[in-house]
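1. Following is a predicted model, sequence given first.
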Amino acid sequence: MSFLRPDIAEKYSVSIRLRVDGLCFHIYSDSGELEYEEWFAYPCGVYEEKDAVEEVFYKNPFLAYPYKKVIIYYEPLVYTLVPIQLYDESKGSFWLQAISEEPEVGAEATARRWECYTTELQDNKKLLLSAANKPVIRFLNRQMLVVDPKPYFVDLLLQESKFARECTGRQLSVIIRKNAIDAFIFENGEIVFANKFDLSVALDSEEVIGEIVYYILMIARTQSLDACGDHLRICVDDKRSHDMCQRLLDVASNFFQHCTID
């Protein structure tokens, strides 16, 4: 990457996509064109995400150059929809504690682990409240001075909302990532359901497909989706899982008349 030096870094904007097994680094020009991208796998034997991110940064100093703009796309630890009129920023973590499945609970514990952020939704009625890994975000803030953390799926939700407004019935959008799925139900383009479901990472691809189909059918049943009138969209977040998602589409098509992959 010979074109990049600290003295010209301020000409570029960057995004860092945090994943469970590494991070993806993108550099954009002033015009928004992608100039460079690279994948950095986390080192083996490092179990805390913060320690893994630190090691990647220390081995690649250009990651922390003084860029014009830095967006951090994180995978939320937990998230929920909150009515705008009920939201109190000082009590954001309490909303998430109520739905968290983590064994350690309590205000002090969540204060150590979670950095809470809100995302405004298009309907202007609800916020998406989510938690990022606080030690990781704090480390990145120290390294890069000014960062803009966002849930990794924010841009995808805008796209899915557009599709939902153009179709009849409701739309279940399922985003597949390495260790979880993120599920959203849209009604007239508005998000009315949002939840994360962890996957058993030790399973092989066929077993993972079965697990995902189980969650899809559970959501369809509990949210009264119509297998003939409503839509299922499978979204591939990681190119590495595209083949598995294609197989998932084949299986899910047995249950949903309208089923597509993006």
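-> Arrived safely.

2. Lowest mean pLDDT among the helices and strands, pick that one out for this structure.
-> helix 107-113 (a mean of 63; mean pLDDT, DSSP states H and E).

3. Which helix or strand lies directly C-terminal to that helix?
-> strand 114-120 (DSSP states H and E).

4. Which neighbouring elements make contact with that following strand?
-> Secondary-structure packing of strand 114-120 (3 or more C-beta pairs under 8 Å, 6 or more residues apart in numbering; DSSP states H and E): helix 92-97, strand 126-133, helix 134-144, strand 148-151. Using the backbone N, CA and C atoms, a C-beta is placed for each residue, glycine as well.

5. Report the mean per-residue pLDDT for it.
-> The average pLDDT for strand 114-120 rounds to 91.

6. Need the CA coordinates for it. PDB is fine.
-> Presented in PDB, the C-alpha positions along strand 114-120 are these (Å, rounded to 0.1, in the frame of the first residue of the first chain):
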ATOM      1  CA  TRP A 114     -21.300  -2.400  26.900                       C
ATOM      2  CA  GLU A 115     -21.100   0.800  25.000                       C
ATOM      3  CA  CYS A 116     -24.700   1.700  24.000                       C
ATOM      4  CA  TYR A 117     -25.700   3.500  20.800                       C
ATOM      5  CA  THR A 118     -29.000   4.400  19.200                       C
ATOM      6  CA  THR A 119     -29.900   4.300  15.500                       C
ATOM      7  CA  GLU A 120     -32.800   6.400  14.300                       C
END
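
7. Kindly provide the distance from Glu33 to Met144.
-> Using C-beta to C-beta, to the nearest Å, Glu33 is found at 21 Å from Met144.

8. How about Asp21?
-> According to C-beta to C-beta, Asp21 stands 22 Å off from Met144.

9. swap in Asp7?
-> According to C-beta to C-beta, Asp7 stands 17 Å off from Met144.

10. Mind checking which of these two has more residues around it?
-> Shown here are Asp7 and Met144; by other C-beta atoms under 10 Å, Met144 has more neighbours (18 against 8).

11. Ala64 is in contact with that one, correct?
-> Yes - here Met144 reaches Ala64: they are 5.8 Å apart, a contact under C-beta atoms under 8 Å.

12. In stretch 147-154, which residues are buried?
-> When burial is assessed from 16 or more other C-beta atoms under 10 Å, stretch 147-154 yields the following buried residues: Val147, Pro149, Lys150, Pro151, Tyr152, Phe153.

13. And the helices in the chain, which stretches?
-> Secondary structure of the chain (DSSP state H): helices located at 49-59, 92-97, 107-113, 134-144, 154-165, 205-222, 242-252.

14. Show me this protein divided up by domain.
-> 6-74, 78-135, 154-261 (automatic domain parsing).

15. rank the ones you listed by pLDDT, which is bottom?
-> Of all the domains of the chain, the minimum mean pLDDT falls on domain 78-135 (a mean of 81).
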